[in-house]
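Chemist: prediction below, plus the sequence it came from.
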Amino acid sequence: MATDEVPQITVDDDRAHITEFDITDSTVVKYLKQFDNGENREDALLRALRIGVTTMELAETSQQEEFVERKFAEMQRDLQEEITRVEDEVEDKFGDDGHVPQIFEKHLGQNGNLKQHIEEAFSEDGPFTERLDEELGEDGERIQQALDPDTEGTPTYRLKRTLQDQIQDLRDKIEEQATAEQTEEEIRQRTTLKGDDFEDTVEEMLSNLVYNTSNEVEYTGDTIGEISGRKVGDFVITLNDTGQRIVVEAKSDSGYSQRAIKEELADAVENRDADYGIIVFECESYIPSKVGYFHEFDSERLSVTLKETEEDDIEPGFLRIAYNWARTRAVQGYVDSGTAFDPEAIQNAVSEVSDSIDRFSTIRKKTTSIRKTANQIDEELEEIEGEVKSELADIRTEIQTTE
């Protein structure tokens, strides 16, 4: 295929270099003549070499596969021969005439030794029957006594007591759980643990107050307001006639001083950019007696409670009075600022405050039945009534001046 000169072939990692190499094989030469001299002929030669190498590798692989198949065939033949040998041995030992069936028949067959021994042992006069009578007594008296759950010391008695103890323990746990749940519910009804429930109650009452009006109420207790990091101010009521805002903070906590109430109100007004602030306490017993159930600070902030003690029912009318009071104060501030306003809206606010005064009169008549703080409530009602009438007179005067 090549000349007598030995070709120089060097092979690197990714390259093979051949020098002084002539091809004289007629088949190869004829194949290469089909291509033009240059890159086409070199590509054809390279392709022919690649196909030849691939074919040789496949041939080697085929030889290996034939070798493996031949070995597997030999293994299969040897395995079959071994299986046949084992089958012959099993037939010799376990066949119909084999050694093992003969032994089974002798000992376990119809007339075998084992059957005879069993019949002798369990017969009416056999040793097993006699032993049962000795251990269990006649007609099983001993076993009946041993299994009697009412006989102390027996296994069934101990089992019965264990089950009774476990059932009683389970009952005790259920009763403890029920008692704990009942106690927790009572605490929620009587202590500050029901703060969330009170907040929901206030929200429902405020929603009823703005129902069928142009005013809106929004829950803001979970959002940060104007003061960095503060969420004080649970609700904001927007008076759409004037664009003013009333912030409402709901409290079901005890131990508040008058100073703390004023600071909480001031923070709520600032945090919610409100024109007026209301703090609503669940019980009058949670705050100082000098604050009482209805107290205004600096004509911009109001404290109101909805019931006297934890045992009393919530009186929603108190919040309605506080709401109307706050609307009147807010509208008054709006008028004092010189901003254009709707006289009808002012008149509506005045009418609602007048209704509140009428309800105050009704409450005052009933103060004789209120425990402990009857006189104080009556005096505060009279004072509030006078203040509201004074504010009404000022608002009416303002309306007439505007008209």
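Modeler: Good, I have the coordinates. Numbering: from 1, shown residues only.
Chemist: contacts and neighbour counts: CA atoms only from here.
Modeler: Will do.
Chemist: quick one: the helices in the stretch 201-350 of the chain, in order.
Modeler: Secondary structure of the stretch 201-350 of the chain (DSSP state H, counting those that start in this stretch): helices located at 258-271, 316-336, 343-365.
Chemist: lowest mean pLDDT across those, which one is that?
Modeler: Ranked by mean pLDDT, the helices of the stretch 201-350 of the chain bottom out at helix 343-365, with a mean of 55.
Chemist: lowest-scoring secondary structure element of this protein by mean pLDDT?
Modeler: Across the helices and strands of the chain, mean pLDDT, DSSP states H and E gives its lowest value to helix 343-365, namely a mean of 55.
Chemist: can you give me the strands for the protein?
Modeler: 8-11, 16-19, 216-219, 235-239, 244-251, 276-283, 294-297, 301-307 (DSSP state E).
Chemist: name the helices or strands packed onto the second one?
Modeler: In this case it means strand 16-19. Helices and strands touching strand 16-19, as assessed by 3 or more CA pairs under 8 Å, 6 or more residues apart in numbering; DSSP states H and E, comprise strand 8-11.
Chemist: so what touches the strand it packs on?
Modeler: Contact with strand 8-11 is made by 16, 17, 18, 19, 20, 21, as judged by CA atoms under 8 Å, 6 or more residues apart in numbering.
Chemist: try stretch 208-221
Modeler: When contacts are defined by CA under 8 Å, 6+ apart, stretch 208-221 is touched by residues 203, 206-207, 231-241, 320.
Chemist: picking that back up, switch the strands of the chain over to JSON lines; also include distance to residue 93 and mean neighbour count.
Modeler: JSON lines is the format used below for the strands of the chain (distance: least, CA to CA, whole Å; neighbours: other CA atoms under 10 Å):
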{"stretch": "strand 8-11", "distance to residue 93": "69", "mean neighbour count": "10"}
{"stretch": "strand 16-19", "distance to residue 93": "70", "mean neighbour count": "10"}
{"stretch": "strand 216-219", "distance to residue 93": "93", "mean neighbour count": "17"}
{"stretch": "strand 235-239", "distance to residue 93": "96", "mean neighbour count": "23"}
{"stretch": "strand 244-251", "distance to residue 93": "95", "mean neighbour count": "25"}
{"stretch": "strand 276-283", "distance to residue 93": "97", "mean neighbour count": "26"}
{"stretch": "strand 294-297", "distance to residue 93": "109", "mean neighbour count": "17"}
{"stretch": "strand 301-307", "distance to residue 93": "101", "mean neighbour count": "23"}
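Chemist: turn those strands into CSV, columns for distance to residue 45 and mean pLDDT.
Modeler: Shown next, in CSV, are those (distance: least, CA to CA, whole Å; pLDDT from 0 to 100):
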stretch, distance to residue 45, mean pLDDT
strand 8-11, 16, 78
strand 16-19, 13, 78
strand 216-219, 86, 95
strand 235-239, 90, 94
strand 244-251, 93, 94
strand 276-283, 97, 93
strand 294-297, 106, 88
strand 301-307, 101, 90
